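Q: Give me a 3D structure for the following:
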Amino acid sequence: MQNLLSFKGGFSNKKAGVTAQLMLIHFVDENGIHIIYSPHLDLSGYGKTKDEAKQSFEDSFADFMDYTINKKTLGEVLKQLGWKVKGKSKRPKKVIVPSMSDILDKSYVSEIFDKYQTQTFHTPVQIPQFS
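A: I've put the predicted structure just below:
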């Protein structure tokens, strides 16, 4: 069984963006479904295998970026998820991902670690410039 997972967080956009480091959690639920979850974005993917869950997560990530960019809500959604934006809203200088302690304070994230055997990994993702 391969223990290393990777996530290609490539989302292309004509505008400049920032790179963020995300923690992803992989676990298998009580029904045998593989789940990959990002507490930083509150996104998940699932499948019958780890590879299917990874592909599903990549699709969810792309859909999330596409939708929030088209609706011009990416910055607001990230702020609601606990991200901090330094600088002007239209031209942020720095985007800060919520800390691990903030993430673990969320009861549903703690529950994942308490209930399931998990595997975590960190991955860089490109967050496009937003307004």
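Q: any idea how far residue 67 lies from residue 25?
A: Between residue 67 and residue 25 the distance is 23 Å, computed by CB to CB, to the nearest Å. (Each C-beta comes from the backbone N, C-alpha and C, glycine too.)
Q: The two - which one has more neighbours?
A: Regarding residue 67 and residue 25, a neighbour count based on other CB atoms under 10 Å identifies residue 25 as having more, with 19 against 12.
Q: what mean pLDDT would you report for the strand or helix carrying that one?
A: Assigned by DSSP states H and E, residue 25 belongs to strand 17-28. Summarised as a single mean, pLDDT over strand 17-28 is 79.
Q: where's that strand relative to the chain centroid, distance-wise?
A: With CA atoms, centre = their mean, to the nearest Å as the basis, the distance from the averaged C-alpha position of strand 17-28 to the chain average is 5 Å.
Q: Name the strands paired with it and say parallel or antiparallel.
A: Within its sheet, and counting by DSSP bridges, strand 17-28 is paired with strand 34-38 (antiparallel), strand 118-128 (antiparallel).
Q: For it, C-alpha coordinates in CSV please.
A: What follows is the C-alpha trace of strand 17-28 in CSV, where atoms were taken according to Å, rounded to 0.1, in the frame of the first residue of the first chain:
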residue,chain,number,x,y,z
GLY,A,17,-2.3,34.3,-7.7
VAL,A,18,-0.8,33.1,-4.5
THR,A,19,0.4,29.7,-3.4
ALA,A,20,-1.1,28.2,-0.2
GLN,A,21,-0.1,25.1,1.7
LEU,A,22,-3.1,22.9,2.5
MET,A,23,-3.4,19.9,4.7
LEU,A,24,-5.4,17.1,3.2
ILE,A,25,-6.8,14.2,5.2
HIS,A,26,-7.3,10.7,3.8
PHE,A,27,-9.5,8.2,5.6
VAL,A,28,-11.8,5.3,4.9
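Q: which intervals of the chain have sub-threshold pLDDT?
A: Scanning the chain for pLDDT under 70 picks out 1-19, 87-93, 107, 126, 128-131.
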